[in-house]
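> Provided below are the primary sequence and the corresponding predicted coordinates.
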Amino acid sequence: MFTVTKEIPFCYGHRLMLHTGKCRHLHGHSARAVITVAADALNPQGMVCDFADINAAARELIDAQLDHNMLLHRDDPALSWLRETHERHLVLDEHPTAETLAKMIYRHMQAKGYDVVQVALWETDSAYACYSEAGMPRLL
């Protein structure tokens, strides 16, 4: 099996309402999505796929919904203020953790037809969460 990996930086804000530490407050991250795609054989160009194609497909979700956006759980009381002031935000049914974002990006890439092995979401320079489907090898 061949794999290629593309890193895509973006920024987002969130808070984790049920967290007991500092992350319970509104804050932001300079994140990196690290997307790994696999193929059993190379295409006629000798590649799994073009890095630019991975970037374009992932950016459809990242630019439209995640980048420079406030990501909040549907029960977050801050939503009313964001709606009243017409601030950009995304309401999630799950808590907006790095794990949730990794899964969102994974599922988006899968729906675009990519054989995604794993998506890692680096929330800081020293912390990341990964999502992969059962049976797929973890690469990081």
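That came through fine.
> which ones are touching the closest residue to L18 other than its chain neighbours?
The spatially closest residue to L18, leaving aside those adjacent along the chain, is H95, at 6.8 Å (CB to CB, 6 or more residues apart in numbering). Yep, even glycine has a C-beta here, placed from its N, CA and C like the rest. By CB atoms under 8 Å, 6 or more residues apart in numbering, the residues touching H95 are L16, M17, L18, H73.
> could you say what helices and strands the longest helix belonging to the chain packs with?
Identified as the longest helix of the chain according to DSSP state H is helix 98-111. Using 3 or more CB pairs under 8 Å, 6 or more residues apart in numbering; DSSP states H and E as the contact test, the elements touching helix 98-111 are strand 27-39, helix 51-61, strand 116-124, strand 127-131.
> if we can go back for a sec, ok, and the most crowded of the contacts of H95?
H73 (20 neighbours; other CB atoms under 10 Å).
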